[in-house]
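In: I need the structure of the sequence given here:
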Amino acid sequence: MSKRILQFIFTAITVLATNSLSAQEIRYRSDVISRDDGLSNGSVTCVMKDRYGFMWFGTWNGLNRYDGYEIMVFQSVRNDTHTISNSNINFLFEDREGLLWIGTDNGLNSYDHQTGTFRRYNTQPSANIKHHNNRINSILQDRQGRIWIGSQEYGLAGMDKQSGEVKHYSNTHSDRSNNIISLLVDGTDEHILWIGTGDGLYSFDIRSGRFKLIQNNLTANPVSVQSIRQDKRGNLYLGTWGNGLVRYERKSGSLQYCFPEDEKESSLQQSIIRSMSVDANGKLLVSVWDRGLMLYDPLTGKLTNWGGTAVNNELNNRSVSSVYADPSGIVWVGTIHGG
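Out: Model (predicted):
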């Protein structure tokens, strides 16, 4: 199958599905981008579209750029500091200036489209602890232009883009509170960051440098927050490891489960949700591990199978690790071992 036809099929899925996302049945066509098409690895951990129209896929073994026809692969090369620092890609982010940021299993990188080269950044607290875990899980930019980095072991760090100066902020609540998995800039208060950790949800005040733990009223054990999204009313939606989809109600300050109406006591309460994306209609596409894609409507509170069961039955693998609804409406789904 030619790359041109492959591009068309992805577009067809999008056009047909986007026009009827709330329907139980949709017309669609599907195909897979896999290693046969040039993908460096079949496990896709993150997906994004840049301002130039390129699709970027992070995998367990390389960063992939797709132009709709061909895939270009970027991998770490020993002793070449102009290549990416590690080939296991965890997170992708494009800042307001168009710079692509990449979080890997061994550090933070940026990619300059103009020069076609990578830059590596030392975000560790000390140069003497390089043998420790330097995994970067999340990256964002605040409204002042500062880059924020969430790491597996070193917690939260803020970087000045111009000077490259890095400042670390240690959360003293617990050791696990510095295991940062996800980040989000608050949509109603530009001075607040939301931080998903292995020890629950925290807010961080950029001005004071203080962390605040959001009390867990759902379970006796901490909620591990994998992904965070926000609706127009300021409520947060948390994809969790083992607690399904959870809503943080801003007015009441409480956590609430999000369930389909007919499955309030179902296994979804113990499900794993690694990735979420907001579609063009403001609805939340949710990847449920071993089940596939579900759609949550913040206005109605309904959580349903995306397109009924037919679309999920067509997935090459239901272990969905990443989902991305790009600005044109195309929905990209990354899976473990399935492309």
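In: for the nearest residue to residue 155 once chain neighbours are set aside, phi and psi?
Out: Counting by CB to CB, 6 or more residues apart in numbering, residue 155 lies nearest to residue 178, which is 3.5 Å off, once chain neighbours are set aside. In short, each C-beta sits where N, CA and C put it, glycine included. In terms of degrees, to the nearest 10, the main-chain angles of residue 178 are phi -100, psi 0.
In: In the chain, where is pLDDT below threshold?
Out: Applying pLDDT under 70 to the chain picks out residues 1-31, 127-132, 260-266, 307-319, 337-339.
In: and the spatially most central residue of it, how far is that from residue 320?
Out: By CA atoms, centre = their mean, the mean C-alpha position of the chain lies nearest to residue 275, the distance being 5.4 Å. According to CB to CB, to the nearest Å, residue 275 stands 7 Å off from residue 320.
In: quick one, strands of the stretch 201-339 of the chain?
Out: Under the criterion DSSP state E, counting those that start in this stretch, the stretch 201-339 of the chain contains strands at 210-213, 225-230, 236-240, 245-249, 254-257, 273-278, 284-288, 292-297, 302-305, 320-325, 331-335.
In: Looking at those, spot the one closest to residue 143.
Out: strand 225-230 (14.6 Å; CB to CB).
In: quick one, helices of the chain?
Out: Applying DSSP state H to the chain gives helices spanning 3-18, 310-314.
In: and for residue 275 and residue 320, which residues touch both?
Out: 287, 334 (CB atoms under 8 Å, 6 or more residues apart in numbering).
In: How about the contacts made by the residue nearest to the centre of the chain?
Out: Contacts for residue 275 (CB under 8 Å, 6+ apart) come out as 46, 226, 227, 239, 287, 320, 321, 322, 323, 324, 334.
In: Going through these, which ones are buried?
Out: Neighbour counting with 16 or more other CB atoms under 10 Å marks 46, 226, 227, 239, 287, 320, 321, 322, 323, 324, 334 as buried within the contacts of residue 275.
In: Can you tell me which of these is nearest residue 60?
Out: The closest of the buried ones among the contacts of residue 275, once distances to residue 60 are taken by CB to CB, is residue 321, at 9.7 Å.
In: Settle this for me: the closest one is touching residue 288, isn't it.
Out: No. In this structure residue 321 lies outside contact range of residue 288 using CB atoms under 8 Å: 11.6 Å.
In: any idea how far the residue lying closest to residue 269 once chain neighbours are set aside is from residue 273?
Out: The shortest distance from residue 269 to any non-neighbouring residue, by CB to CB, 6+ apart, is to residue 244 (5.2 Å). Using CB to CB, we find residue 244 at a distance of 6 Å from residue 273.
In: Same check on residue 120?
Out: 31 Å.
In: These two: which has the busier surroundings?
Out: Between residue 120 and residue 273, counting by other CB atoms under 10 Å, residue 273 is the more crowded of the two (28 against 19).
In: So in terms of bridging, what pairs with the more buried one?
Out: Note on residue 273: beta-bridge partners by DSSP bridges are residue 288.
In: Double-check residue 196 against residue 228; I have them as touching.
Out: Yes. Between residue 196 and residue 228 there is a contact under CB under 8 Å: 5.3 Å.
In: neighbour count winner among those two?
Out: Between residue 196 and residue 228, counted using other CB under 10 Å, residue 196 has the larger neighbour count: 28 against 20.
In: gap between the residue lying closest to that one once chain neighbours are set aside and residue 251?
Out: Spatial nearest neighbour of residue 196, excluding adjacent residues (CB to CB, 6+ apart): residue 225 at 2.9 Å. Separation of residue 225 from residue 251 (CB to CB): 20 Å.
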